[in-house]
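# Return a 3D structure for these sequence lines:
(one chain, ligands or ions: 1)
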Amino acid sequence: MLNYASKICLAPMVRSGELPIRLVSLKYGCDLVWTPEIVDKKLITCVRTVNPSLGTIDYIESKNQSLTFRKHPLEDGKLVLQLGSSNADLAVEAGLKVINDVDGIDLNCGCPKHFSIHSGMGAALLRTPDVLCEILTALVEKVGRPNNKPISCKIRLLPEFEETKTLVERICATGISNLTIHCRTPIMRNRQDPIWNYLPKLIPIIQDSGVNVIINGNMQGVKDLASLQTAMKNDQVGIMIAEAAEANPSVFSEAPRLQKQIVKDVFEACKKYHSFSGSKFLIQNMVHGKSKYYQELCRTKTFADMEVLIERIIDDTEDAKMNRITNRNSQKFNSYTLEEYNEHMNKRGVLMHQFFDNWREEEMLKRLNDDPKKEVKRVKVNSVDVNKRVKIAS
Ligand SMILES: Cc1cc2nc3c(=O)[nH]c(=O)nc-3n(C[C@H](O)[C@H](O)[C@H](O)COP(=O)(O)O)c2cc1C
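Numbering: from 1, shown residues only. Got it, this is the predicted structure:
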């Protein structure tokens, strides 16, 4: 049975969390990988096929023969499939279909995008806790337990502490094994710093009910796991990374690779396992828009074009963007040498300590201001401006 404690994980990401990124993340030390959200109805219509030439298991949508999900044996013991659902029966049917090929099933309860919430899925489930818990209970009883596989879910915070706590208590009573908290409210965007105000009160409630916790929201690399654990004095909590890994999946390693090296790694996996258009999207996320290669990359039309370009990038020791580590978070791109990157990550560790050392219940449990148009009044734990942080905390 999958153990989620103290793990560093690749987040579910539609389009981005496809097999090449999952494989490269695992190569650089990621412990567990999530698939992009797959909607229950779509998964149900898929046909499972063994692909002998690639050694993969493929789920192909019967209507248009498109590849919905591809699993590689290197993912064995580490793969969580994320479902989008608003119906317990459909979730169970979809879960049973894939359960033998994955190590756990996760329910997406955090996506705020229209395509998810208009049909009651994603973040809409946070406002329909009866449906949310019915789906989780059904998945635990009918998919997880009979197959000895864990069920988990990923949520966002609600603006009020008490309503978040009540929801979390209900979710933990469904029998799930892990709860991932994306520390933003549903209307917040990734460009906004996540909010950790509720964590010191929420995490013990979750862990005391026997459920593991993973923290998501602007995590930037493996050092953040150790920093967060020591700052929180909690060696069981794990972290999940999305955008930073989308831009450079070697952030799971203590010494992330330069953009040009990582682009090469991802390209090799793409050529083997992914479509050209899907691959181009993945690689565009790794090439800084200000790199002189970005426009050329956008113009490539085949894997062969792309390969020629990537060889030129590898040989170029001058391009400042490709010869550094790009760390994308909160939709900002920053480039570092390895030394600068380590310094940046160490500063984050200091900030995490300061945040939890200075945490004050009466101040932190106030309603979260989640209006993206207003200056959010909260402690900016993720700013690297230590002095500013100290001023706020004092
Ligand atoms: C391209 C992209 C696709 C995403 N798709 C999903 C998804 O399928 N399921 C989900 O729960 N969250 C999804 N998310 C949200 C991430 O999993 C994560 O919660 C969010 O980006 C915050 O993490 P970060 O600050 O490390 O980026 C997506 C995010 C991005 C950037």
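# for stretch 348-355, which positions count as buried?
Residues 348-349, 351-352, 354-355 are the ones in stretch 348-355 that count as buried (16 or more other Cβ atoms under 10 Å). C-beta coordinates here come from the backbone N, C-alpha and C atoms, glycine included.
# Give me the subset of those lying in strands.
Using DSSP state E, no member of the buried residues of stretch 348-355 falls in strands.
# can you list those in TSV and add distance to the ligand and pLDDT?
As requested, these are exported to TSV (distance: Cβ to the nearest ligand atom, whole Å; pLDDT from 0 to 100):
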residue	distance to the ligand	pLDDT
348	13	94
349	17	95
351	16	93
352	15	94
354	20	93
355	16	93
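# Now do the strands in the stretch 251-394 of the chain.
Here the stretch 251-394 of the chain has its strands, by DSSP state E, counting those that start in this stretch, at 325-329, 332-336.
# who wins for proximity to the ligand among these?
strand 325-329 (6.1 Å; Cβ to the nearest ligand atom).
# Identify all contacting residues around the closest one.
With Cβ atoms under 8 Å, 6 or more residues apart in numbering as the test, strand 325-329 has contacts from 218, 220-221, 243-244, 246-248, 251, 256-259, 285-286, 288, 333-338, 341, 344, 382.
# Could you list the paired strands of that strand along with their orientation?
Take DSSP bridges as the rule and strand 325-329 pairs in its sheet with strand 332-336 (antiparallel).
# Name the residues of the chain found near the ligand, please.
Contacts of the chain with the ligand, taken as Cβ under 6 Å from any ligand atom, map to 11-16, 36-37, 82, 108, 110-111, 154, 182, 190, 216-219, 241-244, 246.
# mind running it again at 5 Å?
For the chain, the residues in contact with the ligand (Cβ under 5 Å from any ligand atom) are 11-14, 16, 36-37, 108, 110, 154, 182, 216-218, 242-243.
# Give me the subset of those that lies in strands.
Judged by DSSP E, strands contain the following of those: 108, 154, 182, 216.
# residues in contact with the nearest residue to residue 24 once chain neighbours are set aside?
With Cβ to Cβ, 6 or more residues apart in numbering as the criterion, residue 24 has its nearest non-adjacent residue at 4.4 Å, and that residue is residue 249. Each residue near residue 249 by Cβ under 8 Å, 6+ apart is listed here: 10, 21, 24-25, 28, 30, 262, 265-266.
# Among the residues you listed, name the ones in helices.
Cross-referencing these against helices under DSSP state H gives 21, 24-25, 262, 265-266.
# Of the residues you listed - the most surrounded one?
Neighbour counts for these, by other Cβ atoms under 10 Å, peak at residue 25, which reaches 28 neighbours.
# what's the distance between that one and the ligand?
Separation of residue 25 from the ligand (Cβ to the nearest ligand atom, to the nearest Å): 13 Å.
# do the same with residue 174
18 Å.
# Can you give me the pLDDT of that residue?
Residue 174 carries a pLDDT value of 98.
# again with residue 211
Residue 211 carries a pLDDT value of 98.
# quick revisit: output the buried residues of stretch 348-355 in a markdown table; the columns should cover distance to residue 280.
Shown next, in a markdown table, are the buried residues of stretch 348-355 (distance: Cβ to Cβ, whole Å):
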| residue | distance to residue 280 |
| --- | --- |
| 348 | 32 |
| 349 | 36 |
| 351 | 36 |
| 352 | 36 |
| 354 | 41 |
| 355 | 39 |
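# mind listing which of these are in helices?
Among those, the members found in helices (DSSP H) are 348-349, 351-352, 354-355.
# that older thread, closest to the ligand among the contacts of residue 249?
If you rank the contacts of residue 249 by distance to the ligand using Cβ to the nearest ligand atom, residue 10 comes first, at 9.1 Å.
# Quick check: that closest one touching residue 241?
Yes: Residue 10 lies in contact with residue 241 (Cβ atoms under 8 Å); the separation is 6.6 Å.
# quick one: common contacting residues for those two?
Joint contacts of residue 10 and residue 241 (Cβ under 8 Å, 6+ apart) are residue 252.
# Between the two ends of stretch 48-66, what distance do you get?
Counting by Cα to Cα, to the nearest Å, you get 12 Å between the two ends of stretch 48-66.
# any idea of the mean pLDDT for that stretch?
For stretch 48-66, mean pLDDT rounds to 95.
# How about residues contacting it?
19, 42-43, 45-47, 67-73, 97-98, 101, 272-273.
# Output the lowest mean pLDDT helix or strand found in the protein.
helix 386-393 (a mean of 33; mean pLDDT, DSSP states H and E).
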